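Engineer: requesting a structural model of the entry that follows:
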Amino acid sequence: MEREYFGTDKCGNEIYKYTIYDSDNNSVSILNYGATVQSLVINGRDVVLGFDRLSQYEEDENRTYFGAVCGRVANRVENARFYVEGVEYNLYKNNGNHSLHGGKCGFDKKFFELTNCDDGSLTFSLFSPDGEEGYPGNLSLSVRYTFKNRLLLVEYIAKTTAACPVNITNHSYFNLDGKGDILSHKLQLNSHFYLAVNDDVSANGNVLSVAGTPFDFTEEKLLGDNILAAEKLQPSVGGIDHHFFCDASVTEYRRFGTLTSSDDKIKMDIFTNQCGAQLYTGNFITDMSAKGVDIGRFSGIAIETQLPPNNLNHSHLPNMMLKRGESYYHKTGYKFYY
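Structural biologist: Okay, the predicted model is just below:
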């Protein structure tokens, strides 16, 4: 493991970049700011979007969430409120009328303590106090990254002292070319159903078949064709920003899909024990320079494994409420081939 000073955050915490390698000399670099995947180098290509400087993460007004852990609740909570046993809880509205990825200062903006480092793995821990961002209960979270044999495994364990919604994800944007856009990438998903969204991108609870839609990746498809068709179908969304349900059991760790670079030189299998993933194709990334590369719209695809968004407002969807005494466990893996 290598450790490099990355800066001091606005709260005075020293931020470091921790890098671990697999046996093929591929590497992953994690920051203790947001437990963020800052870099993931596979066969010489950095395949995730990210920044060179801490200030870029802190001052990310576009809230790209590059590589960060998002919580307590990833995605959008409609009208920024929910109920626990009849009690109303109000959240910060940072996405129109909704709360997005934990609110004003979600986990992506938090200092994580490195609590363990051994045999190709890094474990980061965070304590979120009762009432933070409007959520009830003290929440303890650990995030473990393990990198071996071209497999990046991410495991989340959370517990709370009071009933509270918990839906945590990592927001890495993948570009297996290492540059340019993802329009010529290819995608296959084991998913026959997706969750429809309103024009403000909040999930409306309607579970629809992908058949005959731009969201059908049951067979490998060119991403660009489907992204542009999705944008034409619902212009305000700008492309794909939808939850896809995995065909298999909710709790089984299984392959969800495969992303392939435009030149077919790198493939990435996605595995998870979650019921699906939010796919976001970088529809609103603004033009900027990041890690010395010019990026913008459609420069990466986020595959955010999680429970379905906004299920607090739709009782027919798998529920994210974590009760006192229970343990939240989320496991996602990214396996690379070249």
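
Engineer: nearest residue to Asp102 other than its sequence neighbours?
Structural biologist: One thing to correct before we go on: residue 102 is Gly, not Asp. Gly71 (5.3 Å; C-beta to C-beta, 6 or more residues apart in numbering). Where C-beta positions appear, they are placed from N, C-alpha and C, glycine not excepted.

Engineer: next one: that neighbour from Asn94, what distance?
Structural biologist: Counting by C-beta to C-beta, to the nearest Å, the gap from Gly71 to Asn94 is 14 Å.

Engineer: comparing these two, which residue is more hemmed in?
Structural biologist: Taking other C-beta atoms under 10 Å, Gly71 and Asn94 do not tie; Gly71 has more neighbours (30 against 18).

Engineer: show me what contacts that one?
Structural biologist: Contact criterion C-beta atoms under 8 Å, 6 or more residues apart in numbering gives His101, Gly102, Gly106, Phe107, Ser128, Leu141, Ala158, Val166, Asn167, Ile168, Thr169 as the residues in contact with Gly71.

Engineer: report pLDDT for it.
Structural biologist: Per-residue confidence (pLDDT) for Gly71: 97.

Engineer: what of Asn62?
Structural biologist: 67.

Engineer: do I have it right that Ile285 meets Thr64?
Structural biologist: Yes - with contact defined as C-beta atoms under 8 Å, Ile285 and Thr64 form a contacting pair (6.1 Å).

Engineer: who touches both of these two?
Structural biologist: Leu49, Tyr173.

Engineer: ok, these two, which is more surrounded?
Structural biologist: Comparing Ile285 with Thr64 by other C-beta under 10 Å, the one with more neighbours is Thr64, at 26 against 21.

Engineer: so, low pLDDT: which residues of the protein?
Structural biologist: 61-62 (pLDDT under 70).

Engineer: ok, now with 80
Structural biologist: Along the chain, segments meeting pLDDT under 80 span 61-62, 249-250.

Engineer: mind listing the helices for it?
Structural biologist: Here the chain has its helices, by DSSP state H, at 54-58, 223-233.

Engineer: ok, Tyr337 - how many residues close by?
Structural biologist: Quick note: Tyr337 (other C-beta under 10 Å) scores 13 neighbours.

Engineer: so it touches Lys267, yeah?
Structural biologist: Yes - counting by C-beta under 8 Å, Tyr337 does reach Lys267; the two are 4.4 Å apart.
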